[in-house]
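Asks: structural data only, the sequence is not supplied:
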């Protein structure tokens, strides 16, 4: 908190078995959300393995009447199950609320397609709702070949390697940034569907959840470039930061 000027930090002890690390951090995030006061009326969420683990860790009744809205596109291009929609729906269902889903891939092939989708009245309404959320819950991915964006068919391993060569340390809401938090590829960013990083920087409550050594570089960028107000992480990541 002192080092990065953020509002809060929740740090869980590092487990002896590293395979249990994500579940432990996800449980801490679920406990944090359950204790939030005031309860966020609208919670904008990203997607990925970390967010899925949080959704599964949240108990029924963690809140009441929360609207959960997707902050960025998450429709898979390779016919995998709809993880982004499922986790948002799970979080909302367990809070007796509703999920507002963003019916778009994270990254589109053409800028024109992205502009057309975001100009659609229903999609524009969803993005506006996400842009004015009471709180944000998100993770970040490293710029590596096993990225969720490669897994879901948006980018190839070669694409991510090229982004890393150009200075990318990872992505936040699908937007690849360098160590200072700047967008690495403006053309790629222009094809990315979702809330811009300026909204995270302006948010009163932006909750960043991260675990494991592979994410240390992108985690450092998130906390040092104003992208979060709260970090929930493991002891080793906290010491590294």
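Replies: Perfect, I can see it now. Not measured: the values here are computed from a predicted model.
Asks: show residues contacting the worst-scoring helix or strand of the chain on mean pLDDT.
Replies: When the helices and strands of the chain are compared on mean pLDDT, DSSP states H and E, helix 148-151 comes out lowest with a mean of 88. The contact list for helix 148-151 (Cβ atoms under 8 Å, 6 or more residues apart in numbering) reads 47-49, 80, 106-107, 141, 155-157, 159-160, 171, 174. C-betas here are computed from N, CA, C, even on glycine.
Asks: just the buried ones from the residues you listed?
Replies: Neighbour-count burial (16 or more other Cβ atoms under 10 Å) is assigned, among the contacts of helix 148-151, to 47, 48, 49, 106, 107, 141, 155, 159, 160, 171, 174.
Asks: could those residues be laid out in JSON lines, adding pLDDT?
Replies: Output for the buried ones among the contacts of helix 148-151, formatted as JSON lines (pLDDT from 0 to 100):
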{"residue": "47", "pLDDT": "93"}
{"residue": "48", "pLDDT": "91"}
{"residue": "49", "pLDDT": "92"}
{"residue": "106", "pLDDT": "91"}
{"residue": "107", "pLDDT": "92"}
{"residue": "141", "pLDDT": "94"}
{"residue": "155", "pLDDT": "92"}
{"residue": "159", "pLDDT": "94"}
{"residue": "160", "pLDDT": "95"}
{"residue": "171", "pLDDT": "96"}
{"residue": "174", "pLDDT": "94"}
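Asks: tell me, what residue is most central in the chain?
Replies: Relative to the mean C-alpha position of the chain, the nearest C-alpha, by Cα atoms, centre = their mean, is the one of residue 138, at 2.9 Å.
Asks: that residue: what's it in contact with?
Replies: Counting by Cβ under 8 Å, 6+ apart, residue 138 makes contact with 45, 46, 51, 71, 172, 173, 200, 206, 207, 208, 209.
Asks: touching, the fourth one and residue 173? I think so.
Replies: Meaning residue 71. Yes. At 5.7 Å, residue 71 and residue 173 qualify as touching, with contact defined as Cβ atoms under 8 Å.
Asks: quick one, which of the two is more surrounded?
Replies: residue 71 (29 against 25; other Cβ atoms under 10 Å).
Asks: host element of the residue nearest to that one when sequence neighbours are not counted?
Replies: With sequence-adjacent residues excluded and distances taken as Cβ to Cβ, 6 or more residues apart in numbering, residue 71 is closest to residue 44, at 4.2 Å. Assigned by DSSP states H and E, residue 44 falls within strand 42-45.
Asks: elements contacting that strand?
Replies: strand 67-70, helix 83-93, helix 121-131, strand 135-138 (3 or more Cβ pairs under 8 Å, 6 or more residues apart in numbering; DSSP states H and E).
Asks: which strands and helices sit next to the second one?
Replies: I take that to be helix 83-93. Helix 83-93 packs on strand 42-45, helix 49-57, strand 67-70, strand 98-100, going by 3+ Cβ pairs under 8 Å, 6+ apart.
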